[in-house]
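A.B. asks: Sequence first, predicted coordinates after that:
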Amino acid sequence: MNNIFGYLARRRPEMSAVRPTARPWVLSALGFQARLVFLAVLGPYFLISAASKIGGSDLSIGADVAGTFLSLGAFYSLAPVQLGVAGGAPAMLSFAVWIAVHGLVMAEALLPVLLVVGLATRFAALGLIGLIIITSAIDVFGHGAPPEAVGGLFDASPYDQILDLRLLWIMLLTVPAALGGGWLSIDAALRARRRRRANRSLTGVPARWLT
């Protein structure tokens, strides 16, 4: 974040007045805290949801689909309209739908892990935000979620499964998307390693000592 504001300040001096005043450790702690909350609240949900779509798993829904590692439940969950048109046969789906379903399942399984360990944290958080938006649209337009499940904003009920809860999920994910994973993350360890290598190269340490 400081790099962004520093760049803006160089390009437009008046932007220097809006440089954030929070200490770096505070921003780092927020990123770590958001990852910890995600692990405790949403991590199991995403991993169980992904496992239910993978064939051969104890949690998988539907029969295994030939030619892929997915179960029938994955196609029903992520491409319900297309699967209905294809007569319930995943083999009859178009190549684009086939790839889209595989990509969504892989994202559902891998992105939470990346976020929790703090590797490519911003990418993982942004990917999860996109995944939540896509799957919410599938629930509404593909599965025809009832109005009481979709819910509404600015009403007296904060418990609606789609609008209320998933908007809160997205707001949680905007923290690591903007601030990164914090000090206790693989990203931070990699940055520290690169910084040490750069400092050693400036002091004339032989390159072979750095490997």
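C.D. replies: Happy to help now that I have it.
A.B. asks: which residue sits closest to I61, ignoring its sequence neighbours?
C.D. replies: G73 (3.0 Å; C-beta to C-beta, 6 or more residues apart in numbering). C-beta coordinates here come from the backbone N, C-alpha and C atoms, glycine included.
A.B. asks: thought the one you found was touching D64?
C.D. replies: No. Using C-beta atoms under 8 Å, G73 is not in contact with D64; the gap is 10.2 Å.
A.B. asks: between the two, who's got more neighbours?
C.D. replies: G73 (18 against 15; other C-beta atoms under 10 Å).
A.B. asks: Might you report the residue contacts of that one?
C.D. replies: Neighbouring residues of G73 by C-beta atoms under 8 Å, 6 or more residues apart in numbering: S52, K53, S60, I61, G62.
A.B. asks: Including pLDDT, could the residues you listed go into CSV?
C.D. replies: CSV is the format used below for the contacts of G73 (pLDDT from 0 to 100):
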residue, pLDDT
S52, 94
K53, 95
S60, 89
I61, 90
G62, 89
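A.B. asks: now the residue nearest to I61, what's its secondary structure?
C.D. replies: Per DSSP: H, G, I helix; E, B strand; the rest coil, the secondary structure class of G73 is helix.
A.B. asks: quick revisit: most neighbours among the contacts of G73, which one?
C.D. replies: When neighbours are counted by other C-beta under 10 Å, K53 leads these with 27 neighbours.
A.B. asks: wait, it sits on A74?
C.D. replies: Yes. K53 is within contact range of A74, at 3.5 Å (criterion: C-beta under 8 Å).
A.B. asks: between the two, what contacts are shared?
C.D. replies: Listed as contacting both K53 and A74 by C-beta under 8 Å, 6+ apart are V105.
A.B. asks: What ranges does this protein have for its helices?
C.D. replies: 2-11, 24-41, 43-51, 72-78, 80-85, 95-117, 121-137, 147-150, 163-179, 186-202 (DSSP state H).
A.B. asks: List the contacts of stretch 129-142.
C.D. replies: 77-81, 104, 107-108, 111, 145, 149-150, 162, 166, 169-170, 173-174, 177.
A.B. asks: brain fart, stretch 34-44
C.D. replies: With contact meaning C-beta under 8 Å, 6+ apart, stretch 34-44 is reached by 112, 115-116, 118, 121, 169, 172-173, 175-176, 179, 181-182, 185.
A.B. asks: Please identify which pair of those lies farthest apart.
C.D. replies: W169 and S185 (20.0 Å; C-beta to C-beta).
A.B. asks: Just want to know which of the two has more residues nearby.
C.D. replies: Legend: neighbour count by other C-beta under 10 Å for W169 and S185, higher for S185 (22 against 18).
A.B. asks: Check what pLDDT that one gets.
C.D. replies: What the model reports for S185 is a pLDDT of 93.
A.B. asks: gap between the residue most central in space within the chain and L163?
C.D. replies: The residue lying closest to the centre of the chain (C-alpha atoms, centre = their mean) is L128, at 2.3 Å. Between L128 and L163 the computed distance is 17 Å (C-beta to C-beta, to the nearest Å).
A.B. asks: Which of the helices of the chain comes out lowest on mean pLDDT?
C.D. replies: helix 2-11 - the lowest mean pLDDT of these, at a mean of 53.
A.B. asks: So what's the residue count around Y45?
C.D. replies: By other C-beta under 10 Å, the residues close to Y45 number 12.
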